[in-house]
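# My questions are about this predicted structure, shown below with the sequence.
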Amino acid sequence: MRYLILGTLVIVIFTFAAREVAAQPRTCVRADIAETFVLPDGSRHPAGRLRICLDQEFSPVAGLHTIVADQAAARFTSRRTKVEGADHEGSRIAFVRDGSGALALRGYTLARGSRVEAYWIQPARTRVVASAPPPPADTVWLAAAVIP
C-alpha cells in the first residue's frame with residue numbers, strides 16, 4: 001500500500017512538472033539583416049536571416065539562447081532586463097558597429113503582452129553578470145518578427 005501511494009505521488013509530481021515545462025514555449029525573434037554581422041563569439045556572417053530563440057530562463061535575470069545565422073547555430077547566455085519607455089515598443093534586435101564597420105550583435109527586445117524585455121547576449125565563455133550596462137548611444141535597432 002505504501003508503494004502504491006508513493007508511486008501515485010511520483011506520477012502526480014512528474015505530471016505537474018511536465019505541464020509546467022510545456023507551458024513555457026520556445027520564443028524566437030527573426031530579422032533579415034542587410035549587411036555583414038558578427039555574433040558574440042566573433043563569428044562573422046554575410047547578410048541574411050538571423051534567428052534568436054529563448055530556450056530556457058535560468059533565473060529572473062539569466063537565460064539561454066540559440067542563435068541561428070547562415071545555417072550555423074550557437075548557444076549563448078543573456079542578462080534580462082525590463083524595458084521602459086515608448087521608444088522601445090515591440091521586438092527588435094540590437095547591434096553596435098565593430099572596428100571593421102560590421103554590425104555586432106548585442107541583444108534583442110521581446111514584446112510579451114504589455115511588457116517588453118531586453119536580453120543582452122553575453123560574449124562566449126563569460127558568466128552572466130549581475131547587471132547589464134545600458135546599450136551604447138550608437139546602438140543600431142532593427143525590427144524583428146516574433147515567431148513560435
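Noted; the coordinates are in hand. The structure presented is a predicted model; accordingly, all values stated were derived computationally and were not measured.

# Dump stretch 75-91 to CSV, restricted to CA.
C-alpha atoms of stretch 75-91 as CSV (Å, rounded to 0.1, in the frame of the first residue of the first chain):
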residue,chain,number,x,y,z
ARG,A,75,24.3,29.0,-27.8
PHE,A,76,24.7,32.0,-25.6
THR,A,77,23.6,33.2,-22.2
SER,A,78,22.0,36.5,-21.6
ARG,A,79,21.2,39.1,-19.0
ARG,A,80,17.5,40.0,-18.9
THR,A,81,16.2,43.5,-18.0
LYS,A,82,12.8,45.2,-18.3
VAL,A,83,12.5,47.9,-20.9
GLU,A,84,10.6,51.1,-20.0
GLY,A,85,9.6,53.9,-22.3
ALA,A,86,7.7,54.3,-25.5
ASP,A,87,10.8,54.3,-27.7
HIS,A,88,11.3,50.5,-27.1
GLU,A,89,7.9,49.1,-28.2
GLY,A,90,7.9,45.7,-30.0
SER,A,91,10.6,43.2,-30.7
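
# Can you report how many residues lie near Gln71?
8 (other Cβ atoms under 10 Å). Glycine gets a C-beta too; all of them are placed from N, C-alpha and C.

# From Thr81, how far out is Ala34?
27 Å (Cβ to Cβ, to the nearest Å).

# If you count surrounding residues, which of these two has more?
Thr81 (16 against 10).

# got a list of what the residue nearest to that one when sequence neighbours are not counted touches?
Distances taken as Cβ to Cβ, 6 or more residues apart in numbering place Ala118 nearest to Thr81, at 4.9 Å, with adjacent residues excluded. Contacts for Ala118 (Cβ atoms under 8 Å, 6 or more residues apart in numbering) come out as 80-83, 88, 94, 107-110, 132.

# Longest strand in this protein, please.
Longest strand in the chain, counting residues (DSSP state E): strand 72-83.

# tilt between the helix or strand immediately after that strand in the chain and strand 72-83?
Downstream of strand 72-83, the next assigned helix or strand under DSSP states H and E is strand 92-97. Inter-element angle recorded for strand 92-97 and strand 72-83: 110 degrees (by axes from the mean of the first three to the mean of the last three Cα atoms, to 10 degrees).
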